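1. Sequence and predicted model, in that order:
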Amino acid sequence: MSPLPLPVSSRGHQLQGLRRIREKALLCLVIASFLLICFGALSFMPESLDKKSKARSYDTTAEGGQRMHVEVLAKPRHVPPQAATIGDNQEEVKRGNDETAAPAPAKKTYQIIDMASLDSNSPEYKKLFIKRMAQHAWRSYEEYAWGENELKPLSQRGHSASVFGTTHMGATIVDSLDTLYIMGMMDEFDRAKKWVLENLNFDQNAYVSTFEMTIRFVGGLLSTYALTRDEGLKRKAVEIGEKLLPAYKSSTGIPYSLVHLKRGDGKNWNWAPGKASILAEVGTVQLEMAYLSHLTSNKEFHEKAHAAREALFKPDRSDGLYYNYISPDNGNWGKKHVSLGALGDSFYEYLLKAWLQTSKQDTVAREKFDDAVVSIREKLVGTADDDGEKKLVYLREYMNNRPMEKMDHLACFAGGMFALGSLSAPADKKEAYMQLGKDLTATCHESYDRSASKLGPESFYFNGGTAAKGTVARQRYYIQRPEVIESYFYLWRLTKDQKYRDWGWEAAQAIETHCRVEHGYSGIKDVDSVPVTHDDVQQSFLLAETFKYLYLLFSDDDVLPLDKWVFNTEAHPLPVLPGMP
């Protein structure tokens with residue numbers, strides 16, 4: 001039998017009742033606390049959390065009252081400082097907690113680029129994909145090399161090329177300013193501009209490249225000033241412009257390749273034959289210095305650069321060609337090497353663009369450009385049969401009057417240059433200029449398409465049955481150069497042939513596949529060796545040029561229209577001026 005229950009005293013009844021009351025009170029308190037937390041969390045949630053980010057656009061007034069359409073993606077109001085999500089794969093980005101990382105601003109925020117609702121074949125999708133690539137490159141630089149010239153993405157630290165001397169002047173920041181602005185990356189742009197205004201210091205005890213400082217620093221600052229009208233950026237451009245003027249203190253006015261920022265003396269590269277100045281460096285400062293004079297009414301900037309260009313027209317050119325080396329002491333040509341690639345390239349580009357920049361009033365520049373093209377077509381343009389399948393047109397080099405059947409990646413800018421030169425060209429030259437631009441661009445595309453990685457080598461050859469291939473191992477590297485994509489951009493804008501966008505997209509995919517690493521993008525050592533070996537450098541011109549031209553390739557024509565803006569050789573857009581400075 002079951003035992004009977006024991007009797008409970010009256011005090012036991014009271015204690016049991018009190019226990020039940022306490023339990024009920026505790027339960028109510030827990031429920032109330034839970035509800036309070038839930039309602040509190042709801043009050044702090046972002047608005048329309050379940051809605052996709054929408055793009056908002058606006059017009060910004062640039063230099064001279066010009067309007068430039070800029071697109072910015074809306075982002076949630078609350079982005080945690082520790083992480084952000086990028087793209088439709090919702091990749092988590094960790095930031096700010098690595099004590100070994102280079103110092104960077106706290107509480108960085110990045111846009112959330114939502115591409116999920118877009119057709120992956122649409123220009124809008126591809127444009128935003130490029131923007132996402134740029135964001136990855138910038139975020140990595142900001143995290144690991146802030147204030148340094150460039151990033152070593154594998155080593156996760158700063159890098160500096162010889163053109164910057166021993167300085168730490170944030171070359172990537174200055175070079176990327178206008179790219180960030182054009183892409184609507186406004187949080188990143190604000191941090192970059194703040195660093196420039198507060199930390200960029202040109203009082204450095206070092207030699208730097210006159211040419212690189214002009215195209216990257218003066219060009220980058222002036223371009224961003226033209227887009228934003230920020231007076232602080234203009235003051236910085238004037239400051240570095242003044243630091244570069246001593247480079248022109250040669251007996252001929254031809255600038256030295258290097259200038260000491262603190263002492264103000266100049267010298268040339270030790271590797272240059274006869275310690276000569278370089279054609280491309282002498283002839284690729286005119287756009288930036290002309291705009292400086294326009295903004296400041298200080299004619300010295302323009303006069304120095306203009307005199308340097310005039311000095312290039314004086315020595316004998318019986319074959320019509322410009323040589324890559326010239327003495328700053330006596331103004332005579334040095335070693336007789338001719339190339340539209342390394343050492344010569346942008347001199348020809350600036351003849352055309354000086355004419356465009358001055359509203360076509362610098363007629364000497366246009367005449368010299370057209371004269372140079374005659375000699376280029378006669379002496380430098382070659383054609384490869386390519387086993388009868390297709391004829392490839394290329395630009396050879398000349399060394400001591402002997403042709404070299406070799407073309408540099410750097411020379412691939414010429415496709416866009418000749419296409420641009422077809423505008424307002426003499427009637428008998430217009431079609432020929434455009435066709436040459438198309439043919440050269442097609443050949444440069446082949447140099448990409450024929451490599452294992454679908455990225456082009458530094459140099460490619462046309463001999464012995466080989467065409468558009470990097471046959472020399474030490475020249476098969478790819479360092480994120482923009483010239484091929486630059487020509488795609490110009491040919492797309494001027495012809496609207498879809499293949500140029502297709503080719504640009506192929507290049508973007510190859511860069512994403514082979515150059516992207518966890519902390520940025522790296523160049524590769526051999527385009528014909530896959531899997532690739534990285535060189536551990538993210539160049540400043542990846543953001544300044546390569547990604548910018550790709551982004552513009554998929555943008556509408558009213559973003560930096562070619563009749564209002566002229567791109568310097570570092571892809572920094574400068575406004576067309578009303579005339580000569």
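-> Perfect, thanks for sending it.
2. could you pull out the strands for the stretch 251-400 of the chain?
-> Along the stretch 251-400 of the chain, the segments classed as strands by DSSP state E, counting those that start in this stretch run 258-260, 266-267, 277-278, 325-326, 337-338, 381-384, 392-395, 397-399.
3. Over to the stretch 401-550 of the chain?
-> Going by DSSP E, counting those that start in this stretch, the stretch 401-550 of the chain shows strands at 402-404, 406-408, 459-463, 466-469, 516-517, 520-521.
4. out of those strands, nearest to residue 287?
-> Closest to residue 287 of the strands of the stretch 401-550 of the chain, according to CB to CB: strand 406-408, at 22.2 Å. All C-beta atoms are positioned from the backbone trio N, CA, C, and that covers glycine.
5. That closest one: which residues count as buried?
-> 406, 407, 408 (16 or more other CB atoms under 10 Å).
6. Contact partners for the last one?
-> By CB atoms under 8 Å, 6 or more residues apart in numbering, the contact list for residue 408 reads 339, 341, 342, 345, 458, 459.
7. can you check the first one too?
-> By CB under 8 Å, 6+ apart, the contact set of residue 406 is 396, 397, 459, 460, 461, 462.
8. Could you do the second one as well?
-> For residue 407, the contacting residues are 341, 394, 395, 396, 397, 443, 447, 459, 460, 461, 462, by CB under 8 Å, 6+ apart.
9. can you pick the most crowded of those residues?
-> Of all these, the highest neighbour tally under other CB atoms under 10 Å goes to residue 460, namely 31 neighbours.
10. which residue packs closest to it, ignoring adjacent ones?
-> Once flanking residues are discounted, residue 460 sits nearest to residue 447: 4.7 Å by CB to CB, 6 or more residues apart in numbering.
11. try residue 386
-> Excluding its sequence neighbours, the residue lying closest to residue 386 (CB to CB, 6+ apart) is residue 467, at 4.4 Å.
12. separation between the one you found and residue 407?
-> Distance of residue 467 to residue 407, given as CB to CB, to the nearest Å: 10 Å.
13. what touches both of the two?
-> Between them, residue 467 and residue 407 share these contacting residues under CB under 8 Å, 6+ apart: residue 461.
14. how long is stretch 257-275 from one end to the other?
-> The first residue of stretch 257-275 is 10 Å away from its last residue (CA to CA, to the nearest Å).
15. wait, isn't residue 132 in contact with residue 114?
-> No. Using CB atoms under 8 Å, residue 132 is not in contact with residue 114; the gap is 10.3 Å.
16. re the thing from before, can the strands of the stretch 401-550 of the chain go into a markdown table with extra columns for distance to residue 548?
-> Below are these laid out as a markdown table (distance: least, CB to CB, whole Å):
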| stretch | distance to residue 548 |
| --- | --- |
| strand 402-404 | 32 |
| strand 406-408 | 21 |
| strand 459-463 | 24 |
| strand 466-469 | 26 |
| strand 516-517 | 18 |
| strand 520-521 | 14 |
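17. what about these, which gets the closest to residue 550?
-> Across the strands of the stretch 401-550 of the chain, closest to residue 550 is strand 520-521 (CB to CB), at 12.4 Å.
18. just to revisit the earlier point, highest average neighbour count across the strands of the stretch 251-400 of the chain?
-> strand 277-278 (a mean of 28; mean count of other CB atoms under 10 Å).
19. and that strand, what does it pack onto?
-> Other elements packing on strand 277-278 under the criterion 3 or more CB pairs under 8 Å, 6 or more residues apart in numbering; DSSP states H and E are strand 325-326.
20. Show me how far the strand it packs on is from its chain's centre.
-> The chain centre lies 29 Å from the centre of strand 325-326; the measure is CA atoms, centre = their mean, to the nearest Å.
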